[in-house]
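Visitor: 3D, please:
(chains A and B)
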Amino acid sequence: EAGVTQFPSHSVIEKGQTVTLRCDPISGHDNLYWYRRVMGKEIKFLLHFVKESKQDESGMPNNRFLAERTGGTYSTLKVQPAELEDSGVYFCASSHQATRSTDTQYFGPGTRLTVL
Amino acid sequence: GNSVTQMEGPVTLSEEAFLTINCTYTATGYPSLFWYVQYPGEGLQLLLKATKADDKGSNKGFEATYRKETTSFHLEKGSVQVSDSAVYFCALSATSGGYQKVTFGTGTKLQVIP
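Guide: Residues are numbered from 1 along each chain as shown, chains lettered A, B, ... in the order given. This is a model prediction of the structure:
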């Protein structure tokens, strides 16, 4: 069974440009999460999809970030326009269940975003 | 809100040394606790978990015990190997609004030298 995949693995862009990150969850997982780790800090929650619906987007930093999950399969996270403070590693995770604290989330390798 | 505090790294050990990475948490209710590991160039992998007080999670020689009285979940390994070099993240999982919410610590980088 394939794991969570993310594309690209690295992205270097100039301030003001647009970047779109993609995440393909494990097949059959209804729950998809985006997280971000800014250098040396904790991994912070951004948002949670249940199928194609945003269940919780309380962690999205501002309206420059737009996440979509059309059809409830893969998801994209667009940053427009990118700012320097958006640099970091963006992780995607998926899970089959998400209603219990014991549920396990499976993570992708992350996308390292550098904004110059 | 919930929070996780783990010891700052980097931690450098010689091969076969004993490892402890401290992790404490603040949470209401009864969270589950996890350790994730990120090897160089790879994504986060679940290392072990414990879902209730006094539970011990273990995997690949690593252990951690859920201590409610001290709100801790310290990671230990008796004899580390070079291949254990990685970043280790302590995490807390609780339900909020009917759904799981995971809170991570800052990560501790471990370097094991031959």
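
Visitor: who in chain B is up against chain A?
Guide: Counting by CB under 8 Å from any CB of the partner chain, chain B comes close to chain A at B:4, B:30-32, B:34, B:36, B:41-46, B:49, B:51, B:89, B:93-107. (C-beta placed from N, C-alpha, C; glycine too.)

Visitor: report the buried members of these.
Guide: Using 16 or more other CB atoms under 10 Å in any protein chain shown as the burial test, the residues of chain B next to chain A include B:4, B:31-32, B:34, B:36, B:43-44, B:46, B:49, B:51, B:89, B:93-95, B:99-107 as buried.

Visitor: narrow the residues you listed to those in strands?
Guide: B:4, B:32, B:34, B:36, B:44, B:46, B:49, B:89, B:93-95, B:99-104 (DSSP state E).

Visitor: quick one: the strands in chain A?
Guide: Counting by DSSP E, chain A has strands at residues A:5-7, A:10-13, A:19-24, A:31-37, A:43-50, A:53-56, A:65-68, A:75-79, A:88-95, A:106-107, A:111-115.

Visitor: among those, show me which one is buried the most.
Guide: Comparing the strands of chain A by mean neighbour count (mean count of other CB atoms under 10 Å in any protein chain shown), strand A:31-37 comes out on top with a mean of 25.

Visitor: that one vs strand A:19-24, what angle?
Guide: In terms of direction (axes from the mean of the first three to the mean of the last three CA atoms, to 10 degrees), strand A:31-37 departs from strand A:19-24 by 140 degrees.

Visitor: show me the contacts for residue 101.
Guide: Looking at chain A here, since you left the chain open. B:30-32, B:51, B:93-95, B:100 (CB atoms under 8 Å, 6 or more residues apart in numbering or on different chains).

Visitor: ah, no, chain B please
Guide: A:45, A:56, B:2, B:93-95.

Visitor: for the contacts of A:Ser101, which one is nearest B:Gly9?
Guide: B:Ser93 (22.7 Å; CB to CB).

Visitor: surely A:Arg112 is in contact with A:Gln6?
Guide: No. A:Arg112 is beyond contact range of A:Gln6, at 10.1 Å (criterion: CB atoms under 8 Å).

Visitor: for residue 32, list each beta-bridge partner.
Guide: Because you didn't say which chain, this covers chain A. With DSSP bridges as the criterion, A:Leu32 is bridged to A:Phe49, A:Ser94.

Visitor: switch to chain B, that's the one I care about
Guide: Bridge pairing for B:Ser32 - DSSP bridges - gives B:Ser93.
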